[in-house]
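[1] Sharing a sequence plus its predicted fold:
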Amino acid sequence: MSEQQLRARQRVDTVSADDSVWEIRLRRLRAVTKNALQELYKSKTATVGAMMIVLLLAMVVLTPVLATHHPTKPNYRVRLQPVSVEHYFGTDKFGRDIYSRVLYGGQRTVLISIAAVVLGLSLGIPLGVFSGFFGGRFDAISMRFVDGLIAFPGLLLYLLIITLAREWKLEGFYNDLILVFALGVNTMPEVARLARGSALQEAKKEYVEAAHIIGEGSAFTAMREILPNCISPLIVNATVRLGYVILIVAALSFLGLGTPPPTPDWGADLSVARDHMETHPMIAVFPGLAICYSVLAFNLFGDGLRDILDPRLSER
Amino acid sequence: MLIYAINRILQAIPVVFILSVLVFGFVHALPGDVIDTLTSVETDEDPEVRAALEEEFGLNKPVYVQYFIWIGKALQGDFGKSLVTRRPVSIELMERIPATIYLAVVGIGLSILIAVPLGTLAAVRRNSATDYTAQVTSLAGISIPEFWFAILCVLLFALHLGWLPSSGYASPFEDPQKSIWYLILPALAVGFRQAAFTTRLTRSSMLDEISKEYVDTARSLGLSERKVIYKYTLRNALIPTITISGLQLANLLGGTVVLESIFAWPGIGLAIFQSIQLRDFPVIQAGVLVLGIMVVIINLLVDLLYRVLNPRVGLG
Amino acid sequence: MSEHDRKNPLTQTRREFLATTAAAAGAAAAASVPGAAVAAPKRGGTLRFATRVDGRGLDPHRNIIYYVSNPLAATTQGLLDLNTNMEIVPGIGEEWDISDDLMTYTFKIKKGVEFHNGRDVDAEAIKWNYERIMDPKTSHSFTRASLKEVKEITAVDKQTLRIQLKAPSGVFLANVVYYPCNLIAPDSADQADTHPIGCGPFKFVSWKRYAKTEMVRFENYFETDAAGNRLPYLDAIEGYPKKEDKVRLTALRTGEVDLIENMAYSDATNFKKTQMDKYNTWDIPQVGAGYLAVQAKKGPFAMSAADGKLMRQALAHAIDREAIHHAIFNGLSEKLTGFYSTSSPWHMPGIRNIKEFDPEKSKAILRKLNAMNTPIAVVARDTYSYMHQTGELVYSMLQEAGFKPTNEVFDNPVLRKKYKKADYGIDSTANSYRFEPDGWYSRNVLSSAPSTKLRTGYMNEQVDKLIVEARSTRDFKKRKELYTEVESLVNDDCALIYTHCIPLTSAATKNLKGYQPAFAGPFNINGGGVRTAYFA
């Protein structure tokens, strides 16, 4: 840690009597952010990844502004148009603007993936931490359950869950929740295992014992003391997982198991574009590139983050 | 070691049990009436026919009884008969599983062949052009959607260049030459992504090993760099590569559905997917269970192998 | 094809049949080598072909072996045959007689026809087959439905079969062709699920589901060509089911198969333009129609609802057939106002009450009924892309016209559940292979038909009366008039909204000669298909 950083930290921690709690917190937050950014700078991959993610998120937020056409409105008079000023990415077989569809599709895909990973984390972390912390029968049973889910090979669990939910009459966003659920359930086992591993290590440490002695409730200890200490591998895992989930969403929609058309969707659009692959290859290019871009962004960021958070590897 | 192995095998039994309950539950919760899939909309429903079909497939008993009948017979190797083809489920599975294993094993094999030299080279010549190429290619490999890559490959190698067949399958035992011919593109699609994974892994575990003390010691003892790298470092660095490849193999067993559909590859994943759509529940149940057991066994073997190769890992 | 070329099988005599059949076979042979001297077809060779679907099972009575698209269709056939125009022609049954009251059908069975195991195809064997089909325990309900009017089957002697019906029907012949009622060897019932023994031009060898069906030439197949050579010419055929349209076409172009069916609409135009020199293509008009089935059991479109008819009209005015024509069928199809397209002898130019595309009219109706933003669920099955893609377009059209639609794609079992519960608004669907119009009207329009009851709930007494009348009418022209009236009434009720005929495009390598797909697609037909195909 550099001299400057040290001083910065000291300044933060000096609390004067008239500082309100919020001011202290705010100052701390500012310092932490600054530190984080400095750390981030050290890793080239993380910087590039972070920039790509920021751009991606910006597009997600600004989709309604950036889109030039209605994403689902067909117009057969302008079908299969090449790239032009009017249609930046051309039009698809229904005469819809691909540029706008890629944007709206991205908005959905990114939000679904984030929601799914968050769901996976919020299911997996408590399960993992508690089983690691309490051990015994609870651990044995919950880990066998997790193993059972993991033993579901490949995409089959997704296929079953999505087919299961197919008859429910859900509209728009709620339909996406099924995907979120399926993906979240599938993210859960890995997260639970990871959290359990860290919790097992942490549970043996002194500060946990200390918390026990003070008399804090065990569940409380588990969450409050152990969690912050095993969060960094989870964050790395979640970031990389985000990229993976985007790929799965695309693959499922490609198989026809995503949200029903005409909802814009990268995977489903690729599947339709496949029919025109030879004559109009460009239709299949843009959604594909969009997927690559987002997955790459999360992978790069995840890679960089791992380097930063894992001091053992920081030399690389 | 033996006790550990026995312990792990015993642990696997409840996992398989939970898996069987999960898959049975999922399959019987699938929406739609199974009997409907066997009758036509153009005839009035005949309660007698319905009763006969329910009797034939054991659907007239309470669900939990059905489960015990199913699992009881499954333990004796009898999975019943397919709702659709009325052939024994074992025939249906045996026709399909070899194709999937074939693709998965060759795909993983291919990936190891590419990835290990590439990853090692990248680590040894760190920050060289080779390293950057390897890193960029492997990042691309894990970011490109498999199905998109596959379609592009078909477009290029099958349609434009006409070098390879676009789809189909021949058994390696019946017609080895033709079989390999058909295998190249699918294996390439599987292998590319896996190779990207493995390259990254090999590179980072190589770097890990190179930075260890014994390497310096060996060097100071005057051993040639080549000998140090290839005799000591690589051997240790390969342990995680091998284990992860094993786990990837397990994952591929049900994970090639999309590729199987693109290449009309008669694998088990596609068969289960199609059975889900047809509600051919005996095939889904047995297929997922058998694949799940294979996954559990592979994981078990990988785990044991890891410990044999790497005695430092505790047996806890 | 003009109307003169086609005749109602009921009024045609056997002699006329033989004449047209021979002519067709001759024409097919001649057409296969245009401009050159007519060379004799060559024996031998293995034809590899790719289809969209695969059989669900091997027992042809237990599973619907969809004629158009199924490799197994080459292994067996029915009592009567179909020719390239999808007309009923003599086959195993070489002559027939229909009693004046349309209650008794007597068939004379050709001598020397054998099953693949050497057993004779005689009256007794056919009777056994039909009884097996009529038994709910051994047959599929679809197959069974085609014989539901049969009262009694008698094997008068070895070569004579008599079928008595419960009610007069002039259309029974359509039920004893290959699809739906085909024949397997009576002593092979126990192996029907694993190795069926049929009587078709090719013998079953092996079946790997979704991968490959192998069949070899049946050396004792009864049909001969004009020169007296035994058919078929090919030594073997191999069917490769490849579900994706794109995959099939690519397989043809990379030389993995010689023949494909159902080319994707997006490919067909371009393929014909650029690959003319290497491949032959056939545009098959297909006796099939894509249509929107309006759920009229309950909800806004219900027959019983006071405004039901007006609401359905608003719906009909919202449908832009032109858009579907271009976007889904790539301009290859034909817009329909009735079930039959212009390529069918049953095409009815006189249909009235056609609702033009006019979304403003829809809006006006909705406004008047105070029904703007009525929620409508557009559903479609996931099997065929044209169905759910049409649904996707209809969804947008309804939006445009002031409805508040949703669009969903379901697999079959879920859709069946929705039918039962009348839990949908419009089903974007299709029906094909109704070369005999009674097969369409009696099964999907008649209010007492199970399918109508289950799916649409459409009911119009006048329509019912006309359909029943047409069933026992012998005269082709008269029947057609009756059906024209039916279609006009259906159009007025806006209960079924026909959109397009479903065209098929098949393609094969140039060296495949003598192959002529039938009017509706099947490849095992009299005077064409795999029976007369050979490699030059």
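    Alright, I've got the coordinates. Keep in mind that what you see is a predicted model, and the values were worked out from it rather than measured. Numbering: from 1, shown residues only, chains lettered A, B, ... in the order given.

[2] got the residue ranges for the helices in the stretch 151-300 of chain A?
    Under the criterion DSSP state H, counting those that start in this stretch, the stretch 151-300 of chain A contains helices at A:156-164, A:173-203, A:206-214, A:218-221, A:231-254, A:266-273, A:282-309.

[3] and those helices as a markdown table, adding mean pLDDT, mean neighbour count and distance to chain B?
    In this view, the C-beta of every residue, glycine as well, is placed from N, C-alpha and C. Conversion of the helices of the stretch 151-300 of chain A to a markdown table gives the following (pLDDT from 0 to 100; neighbours: other C-beta atoms under 10 Å in any protein chain shown; distance: least, C-beta to the nearest C-beta, whole Å):
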| stretch | mean pLDDT | mean neighbour count | distance to chain B |
| --- | --- | --- | --- |
| helix A:156-164 | 87 | 22 | 4 |
| helix A:173-203 | 84 | 21 | 10 |
| helix A:206-214 | 68 | 12 | 19 |
| helix A:218-221 | 64 | 14 | 22 |
| helix A:231-254 | 88 | 23 | 5 |
| helix A:266-273 | 90 | 25 | 6 |
| helix A:282-309 | 88 | 23 | 4 |
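
[4] mind checking which of those helices is nearest residue B:295?
    With distances scored as C-beta to C-beta, the stretch of the helices of the stretch 151-300 of chain A nearest to residue B:295 is helix A:156-164 (10.4 Å).

[5] what's the angle between the closest one and helix A:231-254?
    Taking axes from the mean of the first three to the mean of the last three C-alpha atoms, to 10 degrees, one finds that helix A:156-164 is oriented at 60 degrees with respect to helix A:231-254.

[6] Report the spatially closest residue to residue C:215, excluding sequence-adjacent ones.
    Leaving out its chain neighbours, the residue that sits closest to residue C:215 by C-beta to C-beta, 6 or more residues apart in numbering or on different chains is residue C:202, at 3.8 Å.

[7] if we can go back for a sec, wait, which of the helices of the stretch 151-300 of chain A is closest to residue C:477?
    Distances from residue C:477 to each of the helices of the stretch 151-300 of chain A were compared using C-beta to C-beta; the shortest belongs to helix A:266-273, at 44.7 Å.

[8] Who are the packing partners of the closest one?
    With contacts defined as 3 or more C-beta pairs under 8 Å, 6 or more residues apart in numbering or on different chains; DSSP states H and E, the packing partners of helix A:266-273 are helix A:98-134, helix A:231-254, helix A:282-309, helix B:146-153.

[9] is whichever helix or strand comes after the shortest one anywhere near chain A?
    So the one you mean is helix B:146-153. Taking DSSP states H and E as the definition, the helix or strand that follows helix B:146-153 towards the C-terminus is helix B:176-210. Yes. With C-beta under 8 Å from any C-beta of the partner chain as the threshold, helix B:176-210 lies in contact with chain A, specifically through B:204, B:207, B:208.

[10] can you check stretch B:134-142 too?
    Yes. Under the criterion of C-beta under 8 Å from any C-beta, stretch B:134-142 makes contact with chain A via B:139, B:140, B:142.

[11] Can you tell me which of those residues has the most neighbours?
    By neighbour count, taken as other C-beta atoms under 10 Å in any protein chain shown, the most surrounded of these turns out to be residue B:142 (21 neighbours).

[12] what sits up against the helix or strand where that one lies?
    The secondary structure element spanning residue B:142 is helix B:129-143 (assigned by DSSP H and E). Counting contacts by C-beta atoms under 8 Å, 6 or more residues apart in numbering or on different chains, the residues outside helix B:129-143 that touch it are A:243, A:292, A:295-296, A:299-300, A:303, B:118-119, B:121-123, B:125, B:192-193, B:195-197, B:199-200, B:203.
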